[in-house]
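Chemist: quick one, what's the 3D model for this:
(one chain, ligands or ions: 1)
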Amino acid sequence: MINVGIVGATGYAGEELIDILLRHPDVRITDVSAKIDQPKNISEIFPRLKGRIGLVCAEPDLRQIIDKCDLVFLALPHTVSMEIAPVLLTAGKRVIDFSADYRLADTAVYTEFYKTKHKDKANIQKAVYGLPELYRQKIRSAQLIANPGCYPTAAILALAPLTALNLVDTDSIVIDAKSGVTGAGKKVAEALLFSEINEDFKAYKVDTHQHAPEINQELSKLAGKKLKTTFVPHLLPMNRGILETIYVNRSRKPQAASRKLTDLYRKFYKKEPFVRIREEGDFPRIKDVAGTNFCDIGIKDSGENVIIISVIDNLLKGASGQAVQNMNIMYKFPEHTALA
Ligand SMILES: NC(=O)c1ccc[n+]([C@@H]2O[C@H](COP(=O)([O-])OP(=O)(O)OC[C@H]3O[C@@H](n4cnc5c(N)ncnc54)[C@H](OP(=O)(O)O)[C@@H]3O)[C@@H](O)[C@H]2O)c1
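Modeler: You can find the predicted model right below:
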C-alpha cells in the first residue's frame, strides 16, 4: 500500500485522478490540495465523491505532504509545478508531474513556447517522459515522471512505429488534431464559454501550439534525427476526447513499400495493454475510448501516402489514466490496476 498526495486536486485532471485512485486497491490518498481560499471537504467540491473520500482540500502544505505521502501527483499548471517539485524531490519523494515543466529537454524551447524562464533546470535531466509504450524500463525506477501532454500522447503513439522503423519521410508529417474543451483546463476565458464553443469548430494556435516541440522532440529521438511536424490543433464543441488525423508520406526506401502497416503496428504494440490497432480501413472514433485509458489507432495505407487516425480520452490516456499507469509501473502493481 502506498500513500499518495494530489496537488491541483480541484482541476479537471485532479478530479479524474481522485476517481481512479479511489478504485485502486494498493493506494491510499492521504493529501489533497489546490489554490483554494477556504479549506473544504473534497467531496463538497465534487459531490460525486461523497461517501468515498473524507479529506479536506486546502492550500498545499509541503511539510505535511512530505510527512504523509510516498508519491505526489502534481496536477498543476506549468510554472507552478517547477516551484513545488524540487522541494518534494529533495525530500526523497517520487513525483508525477502533469504539466509541461519537465517534458522538454531544451530550456530555450521551453521559454519560447511557455513564455517564461525555467526555474528548476537541475531536475530536467532526472525526469523520465512518462509514455509507458516507449519508456517503461526507465519509468520503473524514476523519481520524477514528466507525464506527457494529451495531443502528444495521441500523436506519438500514432507515429512511433513508422518513425522508429524509419518508414516515414520525416519532412512530410502533418498532424490535424481536434480536442474537447476540458483539454484547456478549468480556467475562465471568453474563448472557452459555452456560447462561444457550442455549434462552432475552429483551429487555434496554428503551427504555434506548445505541444508541437514535445511531439517533435520525441519523434526526433525515435527517428534518430531532428524532425519537425506540422501540427494544427482544433477545438471541438464537446467536453472530452481527442481525435488526430495524421498524414505522412512513406520513406522512399524499397523495403518501406512492401510491409503491411497494420501488421507492423500490431507487432510494435503487441505487449501494450492500452494501445489497440484496428483492421486496415477501420477507423476509431472518440466514443470508442471516452472514459477509458485506451489509445485506438486506424491506418489507411495507399502505398506512398499513409493516413493514421488516433483517438484518446484527453483526461485519461492523455492525463490522469496515463499518470496512474505510470504509478503502477513505478510500484510494480499490475499495469492495468484501476484502469480497466
Ligand atoms: N485537461 C487535460 O486534458 C490535460 C491533459 C494533459 C495534461 N494536462 C495538464 O495537467 C495539468 C492540470 O490540468 P487541468 O486541466 O486539470 O487544469 P485545471 O482544471 O486548470 O486545474 C488546475 C489545478 O491546479 C490548481 N492550482 C493552480 N495554481 C495553483 C497554485 N499556485 N497552487 C496550488 N494549486 C494550484 C487549481 O486550483 P484552483 O482550481 O483552486 O485554482 C486546480 O486544482 C496542467 O499542467 C495541464 O496542462 C491537462
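
Chemist: quick one: name the residues of the chain near the ligand.
Modeler: 7-14, 34-36, 60, 75-78, 80, 98-99, 149-150, 182-183, 185-187, 314-315, 318-319 (CB under 6 Å from any ligand atom). The way it works is simple: take the backbone N, C-alpha and C, and place the C-beta from them, glycine included.

Chemist: okay, and which of the residues you listed map to strands?
Modeler: The strands, defined by DSSP state E, take in Val7 from the residues of the chain next to the ligand.

Chemist: count the neighbours of Glu137 for me.
Modeler: Small correction: residue 137 is Gln, not Glu. 11 (other CB atoms under 10 Å).

Chemist: ok, now how distant is it from Met330?
Modeler: 12 Å (CB to CB, to the nearest Å).

Chemist: what residue in the stretch 1-150 of the chain comes nearest to the ligand?
Modeler: Nearest residue of the stretch 1-150 of the chain to the ligand, counting by CB to the nearest ligand atom: Gly11, 1.9 Å away.

Chemist: for that residue, give me its contacts.
Modeler: The neighbourhood of Gly11, defined by CB atoms under 8 Å, 6 or more residues apart in numbering, consists of Ala34, Ala75, Leu76, Gly185, Lys186.

Chemist: swap in 7 Å and give it another go.
Modeler: Contact analysis of Gly11 by CB atoms under 7 Å, 6 or more residues apart in numbering lists Ala75, Gly185, Lys186.

Chemist: buried among those residues? Make that a PyMOL selection.
Modeler: Selection command for PyMOL covering only the buried members of those, criterion 16 or more other CB atoms under 10 Å:
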select buried, resi 75
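
Chemist: state the next helix or strand along the chain beyond the helix or strand containing Ile215.
Modeler: Using DSSP states H and E, Ile215 sits within helix 211-223. Toward the C-terminus, helix 211-223 is succeeded by strand 230-235 as the next helix or strand (DSSP H and E).

Chemist: report the buried residues of that following strand.
Modeler: Neighbour-count burial for strand 230-235, counted by 16+ other CB under 10 Å, picks out Phe231, Val232, Pro233, His234, Leu235.

Chemist: packing partners for the helix holding Ile215?
Modeler: Contact here means 3 or more CB pairs under 7 Å, 6 or more residues apart in numbering; DSSP states H and E; on that basis helix 211-223 packs against helix 150-164, strand 230-235.

Chemist: show me the contact partners of that helix.
Modeler: Contacts of helix 211-223 (CB under 7 Å, 6+ apart): 103-105, 109, 113, 129, 149, 151-152, 155-156, 159-160, 163-164, 170, 226-229, 231.
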